[in-house]
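Undergrad: The following comprises the amino acid sequence and a computationally predicted model.
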Amino acid sequence: MYVCICNAVTERQIRALAEQGICTVDEMSRINGCASTCGSCIQDAEQILNSAQPGRAKLNFGISIVNGLKQAV
């Protein structure tokens, strides 16, 4: 399946990069151009890249408001 139509990047290509150790969309974009033109594929590309790395710890950061101040949780 094509993930990035602008640069003809497929899901298979993204998974192959993840297997080679690519772990960020920025790294991937430098290699294959994915998400570098219109950007509409960035969320799907990132999700595929992350899911292709099951052993990698994923940190989720949220924002909390305490006493009117934003802080990462």
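TA: Done, it's in.

Undergrad: and the residue nearest to Met1 when sequence neighbours are not counted, how many neighbours?
TA: Excluding its sequence neighbours, the residue lying closest to Met1 (C-beta to C-beta, 6 or more residues apart in numbering) is Glu11, at 4.9 Å. Where C-beta positions appear, they are placed from N, C-alpha and C, glycine not excepted. By the measure other C-beta atoms under 10 Å, the count of residues near Glu11 is 17.

Undergrad: so what's Glu11 up against?
TA: Contacts for Glu11 were tallied using C-beta atoms under 8 Å, 6 or more residues apart in numbering; they are Met1, Tyr2, Val3, Ile48.

Undergrad: go again using 6 Å as the cut-off
TA: Met1, Val3, Ile48 (C-beta atoms under 6 Å, 6 or more residues apart in numbering).

Undergrad: TSV for the residues you listed, including pLDDT?
TA: Shown next, in TSV, are the contacts of Glu11 (pLDDT from 0 to 100):
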residue	pLDDT
Met1	95
Val3	97
Ile48	96
